[in-house]
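Have a look; sequence and predicted model below, questions after that.
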Amino acid sequence: MSFFEENCPEMDRYLENHASSEPEILKRLRKETFQKTTQPHMISGYQQGRLLTILSKMMQPENILEIGTFTGYATLCLVEGLKKDGKITTLDVNEELAYLPKKYFAESEFSQQIDFRIEDAKEFLKNTNKVFDLVFIDADKENYVEYFELIKPRLKSGSVVLFDNVLWYGKVLEENPKQKSTQMIKQLNEMVAKDEDFENLILPLRDGVNLLRKK
């Protein structure tokens with residue numbers, strides 16, 4: 001949940017009302033996510049989805065990697081900007097929920113470009129030779145630092161990486177956090193800021209997005 005959603009819902013509605021509308025398939029997916037999942041807040045929000053789509057369309061990537069599919073909302077946003085022969089690989093470990101993204105991926109006009117896998121992202125990154133133009137990571141926060149280390153060799157100059165939830169409901173301001181996820185997110189943000197191979201900016205969109213570009 002974003003600061004505005006919690007503290008100023010009117011502003012949040014204003015922002016949504018003055019952004020490009022989401023495709024009908026995303027509206028239906030968002031609705032079903034709230035109807036059928038126990039943690040619907042995990043879905044990428046309206047504004048974040050539009051950011052992912054615009055960024056993807058600007059870059060026109062050939063290879064996208066997504067770590068953390070959930071119900072596939074962000075996947076369907078990212079795939080809109082792929083080159084015609086491009087591919088998005090999206091990874092998750094939740095087999096019980098897999099039916100939902102599969103349903104909407106099959107309905108999508110981009111279905112042939114989506115490679116949905118129930119697979120551990122760390123193992124995938126250790127065994128793939130692919131180089132990715134665009135990476136979106138919205139998964140288990142305890143592994144964010146390891147994901148960053150594993151993804152670096154799979155990038156080229158100009159590749160873009162986005163880490164979601166990097167403000168972690170404001171918990172990153174805690175000096176000595178006890179929660180492991182908070183510790184790892186703080187460590188990631190510090191590592192990224194100091195890594196001379198990247199330039200980055202944390203966007204205060206929803207729960208924070210760390211936007212990185214490989215130099």
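Sure, I can see it. Numbers count the residues shown, from 1 in each chain.

From here on, just use CA atoms for contacts and neighbour counts.
Will do.

State the number of residues packed around the residue lying closest to Lys186 once chain neighbours are set aside.
Computed as CA to CA, 6 or more residues apart in numbering, the closest residue to Lys186 that is not its neighbour in sequence is Val172, at 5.8 Å. By the criterion of other CA atoms under 10 Å, Val172 has 19 neighbours.

Val172 reaches Met184, doesn't it?
No: applying CA atoms under 8 Å as the test, Val172 and Met184 come out as separate, 9.7 Å apart.

Return the set of buried residues in stretch 203-215.
Residues of stretch 203-215 classed as buried: 205-214 (neighbour count, 16 or more other CA atoms under 10 Å).

Can you tell me which of the residues you listed lies closest to Thr128?
Of all the buried residues of stretch 203-215, Lys214 has the smallest distance to Thr128: 19.1 Å, by CA to CA.

Can you tell me, leaving aside adjacent residues, what's nearest to that closest one?
Lys214 sits nearest to Phe198 (CA to CA, 6+ apart), 4.6 Å away.

which residues sit in contact with the one you found?
192, 212-215 (CA atoms under 8 Å, 6 or more residues apart in numbering).

What are the buried residues along the strand or helix carrying Arg13?
Using DSSP states H and E, Arg13 sits within helix 9-17. Residues of helix 9-17 classed as buried: 12, 16 (neighbour count, 16+ other CA under 10 Å).

gap between it and the chain center?
22 Å (CA atoms, centre = their mean, to the nearest Å).

Next: stretch 170-177.
22 Å.

Looking at it now, give me its mean pLDDT.
Mean pLDDT, computed over stretch 170-177, is 92.

I'd guessed Lys83 sits against Glu62; true?
Yes: counting by CA under 8 Å, Glu62 is a contact partner of Lys83 at 5.5 Å.

picking that back up, would you reformat the contacts of Phe198 as TSV and include pLDDT, secondary structure and distance to Gln39?
Formatted as TSV, the contacts of Phe198 follow (pLDDT from 0 to 100; DSSP: H, G, I helix; E, B strand; the rest coil; distance: CA to CA, whole Å):
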residue	pLDDT	secondary structure	distance to Gln39
Val192	98	helix	29
Leu212	98	strand	27
Arg213	98	strand	31
Lys214	98	strand	33
Lys215	97	coil	36
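
Export those as a markdown table, with columns for distance to Leu78.
Compiled in a markdown table, the contacts of Phe198 are given as follows (distance: CA to CA, whole Å):
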| residue | distance to Leu78 |
| --- | --- |
| Val192 | 23 |
| Leu212 | 16 |
| Arg213 | 17 |
| Lys214 | 19 |
| Lys215 | 22 |
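
residue ranges with poor pLDDT in the chain?
For the chain, applying pLDDT under 70 flags the ranges 1-7.

Name the helix or strand for the residue nearest in space to the middle of it, please.
The residue lying closest to the centre of the chain (CA atoms, centre = their mean) is Phe136, at 3.9 Å. According to DSSP H and E, Phe136 maps onto strand 132-137.

Packing partners of that strand?
strand 63-67, strand 155-164 (3 or more CA pairs under 8 Å, 6 or more residues apart in numbering; DSSP states H and E).
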